[in-house]
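Chemist: fold the following, please.
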Amino acid sequence: MKIRDLFSFQPQTFSFEFFPPKTPQDVDDLFMRARELKALGPSFISVTYGAGGSTRRSTIDLVCRLQAELDMVAMAHVTCVGHSQAELREVLEELRDRGVQNLMCLRGDPPRGQTNFVPAPDGFAYAYELVTLARSIGDFSIGVAGYPEMHPESVDKHHDLEYLRAKVACGADFVTTQLFFDNRDYFDFCERAQHNGIAVRIIPGIMPITNYRQIVRFTTMCGATLPTALQQRLEPVADDPQAVLEIGVDWAWRQCEELLANGAPGVHFYTLNRSLATQRIFARLQESSVARLLPAHAAPSPSGNSRGAKH
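Modeler: Numbering: from 1, shown residues only. Predicted coordinates:
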């Protein structure tokens, strides 16, 4: 099933993101966590793509396995990093031929050790070029990235939205945001996008904090901001994993509750291949006053069989 088709009967979607594991044991562990998360009835799941296509084979195989073995709607990430146009065409054709219907098209971050993005020879410099290529190869449902606090390479927020508008104009069906921790950034971003003629669904991306030093690295890399109030809660317990988890779950739950209550079209969880934090957040949402916004959806599965999923 194409993700864009879900939107016609799911006013709010709930999705989870994984990255390809490095070892067979890690793959088995991931499938165990995916089964746990499947019980929550996600609308779809996504699998990331390593820098320079370093996990290209793992991404494609994992997406196909999740679809075939767990009967889940799955989305494959594809990036421009390190690929010529011919190589990208080959990747997209393989995804199409193996039955993958959903793509997240990204320019991608510079490879480790590089500070600036440099297109591969005969490669693409921008995600909208990849969207255009994907549209020419198959009838994919295509997602792209949005940056509530602005992409770190953009000169200003207006400039940043111009690139987002180009991605949508070239055929993107929806936007998933970079992680953020202050909901005002998301709502301001959506308002600015609407004023700039961007009318597609903008799904907020939420990363539950489970490791303080890890999240500091992530936010530094992607240009996101840790609110002072959150830092003040985390810093004193930085070396206490359980305390960090409790604070991270509580903060993410409060974010999600406010987002959903104020019209956000769902939530995309960056799981970091873990399930506990997401499970706990989802359970609290179902128990809270926002539970009325998490109806049971009857959606056709990727194989065509009907199934009920409680969101």
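Chemist: which residues touch the lengthiest helix in the chain?
Modeler: Ranked by number of residues, the top helix in the chain under DSSP state H is helix 241-261. The contact list for helix 241-261, computed with CB atoms under 8 Å, 6 or more residues apart in numbering, reads 12, 181, 183, 186, 204, 206-212, 215, 230, 233-234, 237-238, 266-267, 276-277, 280-281, 284-285, 288-290, 293-294. For the C-beta atoms, the positions are set from N, CA and C on the backbone; glycine is no exception.
Chemist: give me the pLDDT for residue 113.
Modeler: If you check residue 113, the pLDDT there is 66.
Chemist: now do residue 298
Modeler: 36.
Chemist: can you give me the mean pLDDT across the longest helix of the chain?
Modeler: 96.
Chemist: with just CA atoms, put it into CSV.
Modeler: Coordinates of each C-alpha in helix 241-261 appear next as CSV, following Å, rounded to 0.1, in the frame of the first residue of the first chain:
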residue,chain,number,x,y,z
PRO,A,241,20.3,5.7,31.9
GLN,A,242,17.0,4.9,33.7
ALA,A,243,16.5,8.5,34.8
VAL,A,244,17.3,9.8,31.3
LEU,A,245,14.8,7.4,29.8
GLU,A,246,12.1,8.5,32.3
ILE,A,247,12.7,12.2,31.4
GLY,A,248,12.9,11.4,27.7
VAL,A,249,9.7,9.5,27.6
ASP,A,250,7.8,12.1,29.7
TRP,A,251,9.0,15.0,27.4
ALA,A,252,8.2,13.2,24.2
TRP,A,253,4.8,12.1,25.5
ARG,A,254,4.0,15.7,26.4
GLN,A,255,5.2,16.8,22.9
CYS,A,256,3.0,14.2,21.2
GLU,A,257,-0.1,15.0,23.3
GLU,A,258,0.1,18.7,22.5
LEU,A,259,0.9,18.1,18.8
LEU,A,260,-2.0,15.7,18.3
ALA,A,261,-4.5,17.9,20.3
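Chemist: tell me the angle of the next helix or strand after that helix relative to helix 241-261?
Modeler: Where DSSP states H and E defines the elements, the next helix or strand beyond helix 241-261 is strand 266-270. Computed by axes from the mean of the first three to the mean of the last three CA atoms, to 10 degrees, the angle separating strand 266-270 from helix 241-261 equals 160 degrees.
Chemist: may I see the buried residues of the helix or strand just after strand 266-270?
Modeler: Moving toward the C-terminus from strand 266-270, the next helix or strand (DSSP H and E) is helix 276-287. Within helix 276-287, the residues that count as buried by 16 or more other CB atoms under 10 Å are 277, 278, 279, 280, 281, 282, 284, 285.
Chemist: let me have the residues you listed in a markdown table, adding pLDDT and distance to residue 167 as columns.
Modeler: Output for the buried residues of helix 276-287, formatted as a markdown table (pLDDT from 0 to 100; distance: CB to CB, whole Å):
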| residue | pLDDT | distance to residue 167 |
| --- | --- | --- |
| 277 | 94 | 30 |
| 278 | 92 | 27 |
| 279 | 92 | 32 |
| 280 | 93 | 34 |
| 281 | 94 | 29 |
| 282 | 89 | 29 |
| 284 | 89 | 34 |
| 285 | 89 | 30 |
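Chemist: rewinding a little: from the contacts of helix 241-261, which land in strands?
Modeler: If you go by DSSP state E, those have 204, 206, 266, 267 in strands.
Chemist: pick the one among the residues you listed closest to residue 139.
Modeler: Proximity of the ones in strands among the contacts of helix 241-261 to residue 139 (CB to CB) peaks at residue 266, which lies at 22.9 Å.
Chemist: report the beta-bridge partners for that closest one.
Modeler: Legend: beta-bridge partners of residue 266 under DSSP bridges are residue 13.
Chemist: check contacts around it.
Modeler: Residue 266 makes contact with 10, 12, 13, 14, 15, 43, 203, 204, 260, according to CB under 8 Å, 6+ apart.
Chemist: could you rerun that using 10 Å?
Modeler: In this structure, residue 266 makes contact with 6-7, 10-15, 43, 174, 176, 201, 203-204, 256, 259-260, 293-294, 311, judged by CB atoms under 10 Å, 6 or more residues apart in numbering.
Chemist: before we move on, the earlier item: so which bits of the longest helix of the chain are buried?
Modeler: Buried positions in helix 241-261, judged by neighbour count with 16+ other CB under 10 Å: 244-245, 247-253, 255-257, 259-260.
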